[in-house]
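A.B. asks: Return atomic coordinates for the entry below.
(chains A, B, C and D)
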There are 2 protein chains.
Amino acid sequence: MTEKVTIADVARLAGVSRQTVSNALNSPGVVREETRQRVLRAVEELGYRVNQAARQMRTGRSRLIAIRIEPDRDGINGSVLDRFLHGLTESAARSGYRVLLYTADDDQAEVDTFEDLLGAYEPDAFVLTSTHHGDLRTAWLLDHKVPFVTFGRPWSADSAAASHAWVDVDGAAGTAAATRHLLDAGHRVIGFLGWPSGSGVGDDRREGWARTLAGAGVDPAGLSRATSDGVADGEKAAHDLLRSDLGVTALVCASDSLALGALHAARSPGLAWRPGGGTAERPVAVIGFDDTPVAKAVGLTSLSQPLGQAAAHCVALLTTLLDGETDPGEPPANVLLEPSLVVRQSA
Amino acid sequence: MTEKVTIADVARLAGVSRQTVSNALNSPGVVREETRQRVLRAVEELGYRVNQAARQMRTGRSRLIAIRIEPDRDGINGSVLDRFLHGLTESAARSGYRVLLYTADDDQAEVDTFEDLLGAYEPDAFVLTSTHHGDLRTAWLLDHKVPFVTFGRPWSADSAAASHAWVDVDGAAGTAAATRHLLDAGHRVIGFLGWPSGSGVGDDRREGWARTLAGAGVDPAGLSRATSDGVADGEKAAHDLLRSDLGVTALVCASDSLALGALHAARSPGLAWRPGGGTAERPVAVIGFDDTPVAKAVGLTSLSQPLGQAAAHCVALLTTLLDGETDPGEPPANVLLEPSLVVRQSA
DNA sequence: CAGTTTATTTTGATCGATCTAATCATGCCT
DNA sequence: AGGCATGATTAGATCGATCAAAATAAACTG
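C.D. replies: This next block holds a predicted model:
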């Protein structure tokens, strides 16, 4: 262990009182320039670093941001959170915060963990992911006036909707871009593979596709299939859609898992199509969502979320919440980012 | 925010002194049973939770474990750390610890971060991943007597080799199992795709394959290719190996990235083989390493690391280091776990 | 130049827990 | 009954920082 250096040691070396050292570091304006320099030199020489625990006791601020790390359920989409976490850790560090992890199996367990953590480590704020309808967590945090940001919009019609800060990626804009890309490539009958309606994220992604397709004069009705997330599910749904005689030549999918299933289906015999009734077979085009490692590995065109940016915005919102003078009347800020299409072989 | 409940509040309600409350919670043996009950009831009623910052000031223990979250370089293998992290967070919580994240671009930056963190948040221990030859980090931590465990063996010949606790997965045992699996399936000429020698992990994995193949009477010489990690690299190396007239019918790979490349190569025309000179073509068998989501998605047989277990062992080693009475003469403990083969379509 | 204002620095208390050492009971033995 | 070890509880100091307020120095005003 490094021998402890306290503010008193610095004060002694600089020939000033503890408080002056504290001021030199935290309220530079109040200390005479020459003294400040002397203190900083002493800090440098001794390698002094302010002890968080002691500071926290007095100020009530831990400079910790807590976030839940989820077990990557599906596996394929797991790395999304991972990349977000990395960005969050980096952005937080830049603002003088550190990231504390916790796990929880469901909303209720997470709320219990809130209580635990707030009692013990007193994180200054939480970042929530995977927001959903009727989220217990946001309600609890609002209720207890704990600062937080969600990565994901509040998907509820109720009053809580606009009552907290959030950052999200515009799924509809993403699928709209994907659909436009396919239209530009000459496709007309473009299908959609998604999840049963009710999930905010899924509905949003379907909406972007439907809107764009309709805008191009193609009726999206009947061209969409809903299933649970998974490669096998995607394959089945894709088969079903491609076998119908609707003439689907391309698929936009709500996730890379579904897209991967769709790719498998598209490769199975008899499901390719002949442009203009010609002889050359062209495989069905597929576009996924999230640009996971799997997409990169198999050459799947996919929509990439700007996770680093999203994380940076989360930290920015939090710091204004925490450090800034927040007018309690002011509506909470939010940020909506656009995903970008990464074009590969599949479309 | 929840209104703060301090030990003094509990003491007042229970009609005892602060110290007795502290004793009831931390040294139950020293308090009369009836008093202990009364205190616990008061704790329950008020929802008291010990404040870490205050405790840390007195005891010098933060109950924090720090670990670096890496930018998932390759993408495919990134999720390994993610799953490990989840396990670590869960195991740590069970032992009353929390996980603190940090990032660093290289060894030197990480050492700087050690200093930062130790001065500010005073984590009780570090968990290091991606250990390598001549690791600056372990040397520094040993030098400063900071408790730590590495996930990954110390890959050095020097004296530091046996001087710290570690947990690792036995790569050689994994590739040996994979090779045995292929031998059992009738393969004889089994190739290996790995990285240039010098990386401990890579050499270890190659060794398991070579040993097992030799044990079955097949000379491994010439059957191995080394390249950097990546799908394209793997494909090229696999092509090279399969085109040679050595009669390779199966490949063991050091990573899923390489294996995925090998799969692509194996599917290209003219590279299949005819068992017993028969007419039916059989694709070249491929086995990867790490059982990443990609492997699952494409049906790649792969070696799965018991990451949850590894994390649990890391925490166990740390707690004995931290809480237990460690005899300084005692050599540090270590754990070597076996990966398991997840059989899918590719082999 | 006395009287105030303003700038700079210092003293003492405090955050909430635990450590050390002292105090108060109790039981046991001779 | 006095002496003493053991058990249970408590008072006071302390960890390292910041806050609030007091003290001192420097600058300004009429």
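A.B. asks: Might you report the residue contacts of residue A:251?
C.D. replies: A:190-193, A:238, A:241, A:259, A:262, A:266, A:284-287 (Cβ atoms under 8 Å, 6 or more residues apart in numbering or on different chains). Any C-beta I mention is one placed from the backbone N, CA and C, and that applies to glycine too.
A.B. asks: Quick one, which of the residues you listed are buried?
C.D. replies: Using 16 or more other Cβ atoms under 10 Å in any protein chain shown as the burial test, those include A:190-193, A:238, A:241, A:259, A:262, A:266, A:284-287 as buried.
A.B. asks: outside of stretch A:256-270, which residues touch it?
C.D. replies: A:74, A:76-77, A:193-194, A:227, A:229-239, A:242, A:251, A:253, A:271-272, A:283-284, A:286-292, A:294-295, A:298, A:300, A:302, A:346, B:297.
A.B. asks: I should have written stretch A:167-174 there, sorry.
C.D. replies: A:149-153, A:201, A:204-205, A:207-208, A:211, A:289, A:303, A:305-306, A:310, A:313-314, A:317, A:334-339, A:341.
A.B. asks: Restricted to helices, list these.
C.D. replies: Per DSSP state H, helices hold the following members of the contacts of stretch A:167-174: A:201, A:204, A:205, A:207, A:208, A:211, A:310, A:313, A:314, A:317.
A.B. asks: Now do the same for residue A:157: its pLDDT.
C.D. replies: Residue A:157 is assigned 62 on the pLDDT scale.
A.B. asks: Put the buried members of the contacts of stretch A:167-174 into a PyMOL selection.
C.D. replies: Command for PyMOL that selects the buried part of the contacts of stretch A:167-174, burial taken from 16+ other Cβ under 10 Å:
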select buried, chain A and resi 149+150+151+152+153+201+204+205+207+208+289+303+305+310+313+314+317+334+335+337+339+341
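A.B. asks: Intersect the contacts of stretch A:167-174 with the contacts of DNA strand C.
C.D. replies: Among these, none lies close to DNA strand C by the criterion of Cβ under 7 Å from any atom of the strand.
A.B. asks: Right, and chain B sits closest to which residue of the stretch 51-200 of chain A?
C.D. replies: residue A:119 (2.9 Å; Cβ to the nearest Cβ).
A.B. asks: Pull the number of nearby residues for that residue.
C.D. replies: 17 (other Cβ atoms under 10 Å in any protein chain shown).
A.B. asks: Also residue A:12?
C.D. replies: Neighbours of residue A:12 (other Cβ under 10 Å): 15.
A.B. asks: Could you dump the contacts of residue A:251 into TSV with pLDDT added?
C.D. replies: What follows is the contacts of residue A:251, written out as TSV (pLDDT from 0 to 100):
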residue	pLDDT
A:190	97
A:191	97
A:192	98
A:193	97
A:238	95
A:241	93
A:259	95
A:262	94
A:266	83
A:284	92
A:285	96
A:286	97
A:287	98
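A.B. asks: Among these, name the ones in strands.
C.D. replies: A:190, A:191, A:192, A:193, A:285, A:286, A:287 (DSSP state E).
A.B. asks: Roughly how far does the second one sit from residue A:298?
C.D. replies: Taken as Cβ to Cβ, to the nearest Å, the spacing of residue A:191 relative to residue A:298 amounts to 20 Å.
A.B. asks: Ok, the last one next?
C.D. replies: Shown here: residue A:287 relative to residue A:298, a distance of 13 Å by Cβ to Cβ.
A.B. asks: which neighbours do those two share?
C.D. replies: residue A:346.
A.B. asks: Which is the succeeding secondary structure element to the strand or helix carrying the residue of the stretch 51-200 of chain A closest to chain B?
C.D. replies: In the assignment (DSSP states H and E), residue A:119 maps to helix A:107-120. Going down the chain from helix A:107-120, the next helix or strand is strand A:125-129, by DSSP H and E.
A.B. asks: packing partners for that following strand?
C.D. replies: strand A:64-68, helix A:78-94, helix A:136-143, strand A:148-151, helix A:307-322 (3 or more Cβ pairs under 8 Å, 6 or more residues apart in numbering or on different chains; DSSP states H and E).
A.B. asks: quick check: angle from that strand to helix A:107-120?
C.D. replies: Here strand A:125-129 points in a direction 160 degrees away from that of helix A:107-120 (axes from the mean of the first three to the mean of the last three Cα atoms, to 10 degrees).
A.B. asks: How far away from the center of its chain is the helix or strand of chain A with the lowest mean pLDDT?
C.D. replies: One helix or strand of chain A scores below all others by mean pLDDT, DSSP states H and E: helix A:293-298, with a mean of 84. Offset of helix A:293-298 from its chain centre (Cα atoms, centre = their mean, to the nearest Å): 20 Å.
A.B. asks: In terms of secondary structure, what does it contact?
C.D. replies: By 3+ Cβ pairs under 8 Å, 6+ apart, helix A:293-298 packs against helix A:256-267, helix B:293-298.
A.B. asks: count of residues packed around residue A:342?
C.D. replies: Every residue meeting other Cβ under 10 Å relative to residue A:342 is counted, giving 15.
A.B. asks: repeat for residue A:133
C.D. replies: Using other Cβ under 10 Å: residue A:133 sits among 12 other residues.
A.B. asks: do the same with residue A:324
C.D. replies: 8.
A.B. asks: Could I get the buried residue list for the helix or strand containing residue A:236?
C.D. replies: Using DSSP H and E, residue A:236 maps to helix A:231-243. For helix A:231-243, a neighbour-count test (16+ other Cβ under 10 Å) marks A:231, A:233, A:234, A:235, A:237, A:238, A:239, A:241, A:242 as buried.
A.B. asks: helices and strands around that helix, which ones?
C.D. replies: Using 3+ Cβ pairs under 8 Å, 6+ apart, helix A:231-243 is in contact with strand A:190-194, strand A:224-226, strand A:250-253, helix A:256-267.
A.B. asks: Let's have the ones you listed in CSV, adding distance to DNA strand D.
C.D. replies: Formatted as CSV, the helices and strands packed on helix A:231-243 follow (distance: least, Cβ to the nearest atom of the strand, whole Å):
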stretch, distance to DNA strand D
strand A:190-194, 51
strand A:224-226, 54
strand A:250-253, 51
helix A:256-267, 47
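A.B. asks: In TSV, list those along with distance to residue B:14.
C.D. replies: Shown next, in TSV, are the helices and strands packed on helix A:231-243 (distance: least, Cβ to Cβ, whole Å):
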stretch	distance to residue B:14
strand A:190-194	57
strand A:224-226	57
strand A:250-253	60
helix A:256-267	54
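A.B. asks: Can you give me the neighbour number for residue A:15?
C.D. replies: 11.
A.B. asks: want to throw the buried residues of helix A:231-243 into TSV with distance to DNA strand C?
C.D. replies: Shown next, in TSV, are the buried residues of helix A:231-243 (distance: Cβ to the nearest atom of the strand, whole Å):
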residue	distance to DNA strand C
A:231	49
A:233	49
A:234	51
A:235	55
A:237	54
A:238	57
A:239	60
A:241	59
A:242	63
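A.B. asks: Mind picking the lowest-pLDDT entry from these?
C.D. replies: residue A:231 (86).
A.B. asks: No more questions from me, cheers.
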